[in-house]
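J.: what's the 3D shape of this:
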Amino acid sequence: MSSPSAPESAATDRRTPGSTAGLERTVAEHAEVVLDWRVKGFAGAGITIGELRASGRPLSSLGSPMMIIDRSATRANIAGMNAWCAEHGAVLAPHGKTTMAPSLWLDQLRAGCVAITVANAFQLRVARAVGVPDVIVANELVDPTELAWIGAELDADPDFGLVCWVDSVAGVRQMQEALTGHGSRPLDVCVEVGGVGGRAGARDQQTVREVAEAAVAADRLRLVGISCYEGAVPGIGADADGLATVDAFLAEVAEIHRGLGDLYQDDRVLITAGGSAHFDRVAAAFAGLGPEVDLVIRSGAYAVHDDLHYAEVTPSTRGAGPDLIPAISTWSTVLSRPEPGRVIIDAGRRDVPFDQDLPIVLEARRRGDHGLTKIEPGPTTVISLNDQHGYVDVAADSELAVGDLVRLGLSHPCTAFDKWRVIGVVDTNDTDDPTVVDAVLTYF
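T.: Okay, the predicted model is just below:
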């Protein structure tokens, strides 16, 4: 994704990403962060991330609960998704709000992603501060203070690429007013299309046309494309009816795009959609729209995937997407077994996501003089969470005992990452006592 600073008459190639040098510096600086009492999960280890990278630490020597990223799985997911997009005529601008983790953003950009997507002005500020060169804000921006800052940023850095959404004439007017007097470089915008009864986005072709014409008339904006998020359309799903609803909405967006050809202000047109559940339908719906179109998919969860929600709805379940591997989990300690059929663990609502599904127990370990050894937990069900406790039903003859560790499979990465400032990284969870080899910082 290139800078939007080129004149209107010049073609730009949005598939050429900017330099990641600034982001690389940020990630390198993370090596100096000390994993002390302020960091959950590391038991006040007192070492730097650089020292952790150099020598590693056995999981048994660190704290609990502890969220973990499986590095080998993440790398496979990133490579697999990029390859799938390339095969289907699309590129990736992954939604960074899922992880808010610069080191993962860097991995994604190095793998060929053209930009990082964010959801609001705060996340844009984070992306700018850590050195992301090209950003999509998948939202409307109307706050005058934030727009004044954006105008100044665009002028200060000609290599900074930024695109955001607009879905109303009122929004165009407010953006124009707020940007006037704050820089001279126009802000690139896509008109967002939304489904009736859903989230933001203009609801019909006529409204989209009116918004597009207003954007073209505003000298502080530049109309470069059309956007949507099919995941917020009422009635969508992974069953036949839900997929038909997705397809119908995307077909409408494609038709609306065809009616805007006389208004786009760049020789290359940006068409962007795609969460983590229906990117296959997006690629199919927008294929063949023309050589001037850059199709950008914004999936966020694919890099780390999960064991529940996305595992059930990802396109590979219908033979239409890359095979993704769950790469996040949380290790938690058994605090109590107050009844034969109940254990209490030290992971609760402040540690694991619960908005889509409660976690599941994947496996268990027992502490010993020489670290951890695998044990069989038997049938288990996480039935409830308090702030700092989890309730797990077990069989009366389960081996689980006070002090044992369980690894929890998670649902919905977006609400897993926001509970952790620092997340441990392993190369694999398959060993008896996994080695934590790195740590990922998040900025929520």
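
J.: please make it C-alpha for all contacts and neighbour counts, starting now.
T.: Fine.

J.: the protein: helices as residue ranges?
T.: Here the chain has its helices, by DSSP state H, at 21-29, 49-55, 71-87, 102-110, 121-130, 144-156, 169-179, 205-217, 240-258, 279-286, 309-313, 414-417.

J.: now residue 233: how far from residue 383?
T.: Counting by Cα to Cα, to the nearest Å, the gap from residue 233 to residue 383 is 31 Å.

J.: more neighbours, those two?
T.: Each of residue 233 and residue 383 has its neighbours counted (other Cα atoms under 10 Å); residue 233 has more, 20 against 13.

J.: nearest to residue 388, out of the helices of the chain?
T.: In terms of Cα to Cα, the element of the helices of the chain nearest to residue 388 is helix 414-417, at 14.6 Å.

J.: now the closest one: average pLDDT?
T.: Averaged across helix 414-417, the pLDDT comes to 98.

J.: next, the buried residues of that helix.
T.: Under the neighbour-count criterion of 16 or more other Cα atoms under 10 Å, helix 414-417 has 414, 415, 416, 417 buried.

J.: quick revisit: turn the helices of the chain into CSV, including distance to residue 190.
T.: CSV is the format used below for those (distance: least, Cα to Cα, whole Å):
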stretch, distance to residue 190
helix 21-29, 26
helix 49-55, 40
helix 71-87, 21
helix 102-110, 22
helix 121-130, 16
helix 144-156, 16
helix 169-179, 11
helix 205-217, 8
helix 240-258, 11
helix 279-286, 16
helix 309-313, 28
helix 414-417, 24
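
J.: so which of these comes closest to residue 293?
T.: Nearest to residue 293, of all the helices of the chain, is helix 279-286, at 9.2 Å by Cα to Cα.

J.: right, and residue 148 touches residue 175 too?
T.: No - judged on Cα atoms under 8 Å, residue 148 makes no contact with residue 175 at a distance of 9.3 Å.

J.: between the two, which has more neighbouring residues?
T.: Shown here are residue 148 and residue 175; by other Cα under 10 Å, residue 175 has more neighbours (24 against 18).

J.: name the nearest residue to the more buried one, ignoring sequence neighbours.
T.: Distance criterion Cα to Cα, 6 or more residues apart in numbering; nearest residue to residue 175, sequence neighbours excluded, is residue 142 at 5.8 Å.

J.: surely residue 379 is in contact with residue 394?
T.: Yes - between residue 379 and residue 394 there is a contact under Cα under 8 Å: 5.9 Å.

J.: between those two, tell me which one has more neighbours.
T.: A count of neighbours by other Cα under 10 Å puts residue 394 above the other of residue 379 and residue 394, at 21 against 12.

J.: show me what contacts that one?
T.: Residue 394 sits next to 340, 341, 342, 343, 377, 378, 379, 380, 381 when contact means Cα atoms under 8 Å, 6 or more residues apart in numbering.

J.: and for the residue nearest to residue 175, the neighbour number?
T.: For residue 142, the count of nearby residues is 19 (other Cα under 10 Å).

J.: could you do residue 21 as well?
T.: 12.

J.: torsion angles phi and psi at the residue nearest to it when sequence neighbours are not counted?
T.: Spatial nearest neighbour of residue 21, excluding adjacent residues (Cα to Cα, 6+ apart): residue 131 at 7.4 Å. Phi and psi for residue 131, reported as degrees, to the nearest 10, are phi 100, psi 20.

J.: for residue 131, give its distance to residue 356.
T.: In this structure, residue 131 and residue 356 are 32 Å apart, going by Cα to Cα.

J.: higher neighbour count, the two?
T.: residue 131 (21 against 12).

J.: list the contacts for the more buried one?
T.: 20, 21, 22, 23, 24, 26.
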